[in-house]
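Asks: Below is the sequence, then the predicted model.
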Amino acid sequence: MKIKPHILPVIIFSQFACTSIWFAGNVVVEDLMKVIGLDNQFTGIILSAVQFGFIVGTLLFATLMIADRYAPSKVFLLSAILAALCNLALLSNNLTQTTLLSARFGAGFFLAGIYPVGMKIASDYYRHGLGRALGFLVGALVLGTAFPHAIKGMDWGRNYTFVVSTTSILAVMGGCSMYLFIPKGPFRKKSTAFEIQASTKLFKIPSFRKAAFGYFGHMWELYAFWAFIPLAIQTYNTFNTYQIPIAIWTFTIIAIGSISCALGGYFSLKIGSKKVAIFSLSLSGVLCLLSPLFYLLSPPLFLLLLCIWGMAVISDSPQFSSMVAQSAPIHLKGTALTVVNCIGFSISIISIQLLSFLSPKIDPIYIFLLLGIGPIIGIWNLMQKTS
């Protein structure tokens with residue numbers, strides 16, 4: 001079946017626009033804490049609030065099988081609008097610690113109706129070559145995640161209200177685009193009954209279980225790496241007279257992963273998603289273990305290695321999602337993607353909080369060593385024989 005050429009670009013734009021909210025609060029966290037009068041010990045809590053919201057949201061969406069029982073484009077639109085409203089709450093004239101945490105939690109909660117639902121919509125259109133399609137889609141997520149850093153690094157983005165307003169408007173535009181231009185996919189099969197044990201049923205499928213646990217290892221590393229890139233650059237700057245611009249290079253290191261997602265998607269057509277995932281995990285795992293040595297290098301080499309790491313750390317993500325979707329029954333694809341996201345992001349909170357706890361207690365050059373646990377576990381699970 002021939003898919004209309006506008007379908008994938010619209011899905012990609014919508015995913016990019018809506019996920020720009022994801023890290024918007026994180027990028028302006030220092031400004032927000034000054035407004036409220038909080039000290040740096042609350043940074044880790046604020047960084048994790050959106051992740052925790054996403055976990056609760058995906059848990060509820062998976063349990064109720066939202067993405068499989070209702071029109072995904074409508075779910076996407078409603079979630080985008082509500083996430084934008086939560087984001088705009090950061091501009092409240094009476095911003096408090098409770099308001100801040102609630103706003104970030106709410107944004108994360110409604111992102112549960114955006115990220116996995118966007119992948120579900122893509123899987124409804126692309127049965128063959130899903131790894132390539134999701135490569136572009138996750139690439140859009142990466143750009144959306146990095147975009148607030150780009151705004152923050154520009155002169156007109158130094159006012160945190162501009163960062164928040166821009167990402168909120170983008171989210172509404174993305175939701176409207178998905179609803180108006182993406183009809184029901186040809187491979188969508190609606191679930192007609194509510195299955196309370198759907199998640200348990202999925203984990204009994206060996207191929208699903210392998211893909212899921214590989215993804216969990218990947219998630220231990222990914223968001224903690226993204227969240228602590230600014231600390232890595234700041235630490236490097238303390239050792240050198242040349243000062244690397246933190247915001248722009250954080251954007252670059254995260255955003256460059258969008259290229260590797262697309263490349264991984266093309267390679268998956270030739271060698272399969274599993275091999276792409278294993279290669280990516282192996283490379284990022286090696287970089288985790290070598291990371292203390294980065295601080296001895298010249299600025300160009302330091303940044304080059306972080307950019308390579310930024311490519312390796314995310315390029316396996318769409319391939320895991322592809323393996324998860326393809327291993328699940330067709331009427332449970334949305335639920336499968338959502339429940340795996342739920343558990344994966346729960347794991348990311350643990351790694352972020354661990355690094356937040358340890359960063360003031362140990363030399364920051366060693367902080368990324370702990371992230372190597374994830375790739376090791378992920379590779380081990382992917383190499384297991386399916387029984």
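Replies: Everything's here; your move. Numbering: from 1, shown residues only.
Asks: Break down the stretch 1-150 of the chain into its helices, ranges please.
Replies: 7-19, 24-27, 29-36, 43-63, 66-69, 72-88, 97-111, 115-125, 130-152 (DSSP state H, counting those that start in this stretch).
Asks: again with the stretch 151-300 of the chain
Replies: 160-181, 198-202, 206-227, 229-239, 246-255, 257-271, 273-290, 299-315.
Asks: so which of those is the most packed in?
Replies: For the helices of the stretch 151-300 of the chain, average neighbour numbers computed from mean count of other Cβ atoms under 10 Å are highest in helix 206-227, which has a mean of 23. Quick note: C-beta positions are derived from backbone N, CA and C, even for glycine.
Asks: now the angle from that one to helix 246-255?
Replies: Put simply, helix 206-227 runs at 170 degrees to helix 246-255, going by axes from the mean of the first three to the mean of the last three Cα atoms, to 10 degrees.
Asks: on contacts alone, who are the packing partners of helix 206-227?
Replies: Here helix 206-227 touches helix 273-290, helix 299-315, helix 317-327, helix 333-358, helix 373-383, going by 3 or more Cβ pairs under 8 Å, 6 or more residues apart in numbering; DSSP states H and E.
Asks: could you give me the average pLDDT of the third one?
Replies: Looking back up the chat, that one is helix 317-327. Per-residue pLDDT over helix 317-327 has a mean of 90.
Asks: hmm, who's touching it?
Replies: With contact meaning Cβ atoms under 8 Å, 6 or more residues apart in numbering, helix 317-327 is reached by 119-120, 123, 130-131, 134-135, 137-139, 205, 207-208, 210-212, 214-215, 218, 222, 261, 264-265, 268, 273-274, 276-277, 280, 333, 336-337, 340.
Asks: Buried residues in stretch 77-90, which are they?
Replies: Buried residues in stretch 77-90, counted by 16 or more other Cβ atoms under 10 Å: 77, 79-90.
Asks: same deal with stretch 335-342?
Replies: In stretch 335-342, counting by 16+ other Cβ under 10 Å, buried: Thr335, Ala336, Leu337, Thr338, Val339, Val340, Asn341, Cys342.
Asks: wait, which of the residues you listed is closest to Ala150?
Replies: Nearest to Ala150 among the buried residues of stretch 335-342 is Asn341, at 25.1 Å by Cβ to Cβ.
Asks: Run through the residues that contact the closest one.
Replies: Contact analysis of Asn341 by Cβ under 8 Å, 6+ apart lists Phe54, Thr58, Ala112, Tyr115, Pro116.
Asks: Pull the contacting residues for the second one.
Replies: This means Thr58. Applying Cβ under 8 Å, 6+ apart to Thr58 gives the contacts Ala112, Pro116, Thr338, Val339, Asn341, Cys342, Phe345.
Asks: Point out where the stretch 151-300 of the chain drops to low pLDDT.
Replies: Confidence mapping of the stretch 151-300 of the chain against pLDDT under 70 gives the ranges 152-158, 186-187, 190-196.
Asks: meant to ask about the stretch 1-150 of the chain, not that
Replies: 1, 39-41, 43-44, 149.
Asks: let's see it at 80
Replies: The stretch 1-150 of the chain contains residues with pLDDT under 80 at 1-3, 23-30, 33, 37-48, 67, 127-129, 140-141, 144-150.
Asks: shouldn't Thr166 be in contact with Gly144?
Replies: No. Look at Thr166 against Gly144 with Cβ atoms under 8 Å: they stay out of range, at 11.9 Å.
Asks: Common neighbours of those two, please.
Replies: Ser20.
Asks: picking that back up, mind picking the one among the contacts of Thr58 that's closest to Ala232?
Replies: Ala232 lies nearest to Phe345 out of these, by Cβ to Cβ, at 21.9 Å.
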